[in-house]
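K.L.:
the following block contains a protein sequence and its predicted model.
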Amino acid sequence: MEEYKPWTWRPPEGTQPVTMGMTRQDAHDKVSGQAVFTRDLKLPGLLYAKILTCPFAHARIKSMDTSKAAALEGVRDILRFDDPDIETDNATGGYSPREYNILTLPDVG
């Protein structure tokens, strides 16, 4: 019987195995705070959305005063759970999440 010899790996001829890590090209920018992320981009005419959720689980919404929010500078529109369905002409074929999403109904629980 042949004597057991452990197998040893050899790199293909003319090559060397990687023996050290490579420095990430974006590492310095990230750790120094100079990296630009998509959240940092400010495009002209871009609108931002803010979603306000109910702080109470299983609460029933009796009323909602959005007048202060509407009076803020730069507010373009306010969409509420009790607004009529918004007409859409997109890939969803007029799908309204209000029909299916319990979070858009006045009884949040």
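P.N.:
Good, I have the coordinates.

K.L.:
touching, residue 69 and residue 75? I think so.
P.N.:
Yes - taking Cβ atoms under 8 Å as the definition, residue 69 is a contact partner of residue 75 at 6.2 Å. Every residue, glycine included, has its C-beta placed from N, CA and C.

K.L.:
what about the residue nearest the centre of the chain, which SS state?
P.N.:
In the chain, the residue lying closest to the centroid (Cα atoms, centre = their mean) is residue 39, at 10.0 Å. Following DSSP: H, G, I helix; E, B strand; the rest coil, residue 39 is assigned to helix.

K.L.:
can you check residue 82 too?
P.N.:
Residue 82 ends up coil, using three-state DSSP.

K.L.:
can you give me the separation between it and residue 12?
P.N.:
69 Å (Cβ to Cβ, to the nearest Å).

K.L.:
more crowded one of the two?
P.N.:
Neighbours of residue 82 and residue 12, each counted by other Cβ atoms under 10 Å, are more numerous for residue 82; the result is 11 against 7.

K.L.:
residue ranges for the helices of this structure, please.
P.N.:
27-32, 67-71 (DSSP state H).

K.L.:
can I get the shortest one in PDB, CA atoms only?
P.N.:
Pointing back at helix 67-71 there. In PDB, the C-alpha atoms belonging to helix 67-71 read as follows (Å, rounded to 0.1, in the frame of the first residue of the first chain):
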ATOM      1  CA  SER A  67     -53.600  72.900   8.800                       C
ATOM      2  CA  LYS A  68     -50.200  73.600  10.600                       C
ATOM      3  CA  ALA A  69     -48.400  71.200   8.200                       C
ATOM      4  CA  ALA A  70     -50.100  72.800   5.200                       C
ATOM      5  CA  ALA A  71     -49.000  76.300   6.400                       C
END
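
K.L.:
please state the offset of it from the chain centre?
P.N.:
Distance of helix 67-71 from its chain centroid, counting by Cα atoms, centre = their mean, to the nearest Å, is 27 Å.

K.L.:
could you do stretch 2-17 as well?
P.N.:
47 Å.

K.L.:
just stretch 74-84 next, same as before
P.N.:
With Cα atoms, centre = their mean, you get 21 Å for stretch 74-84.
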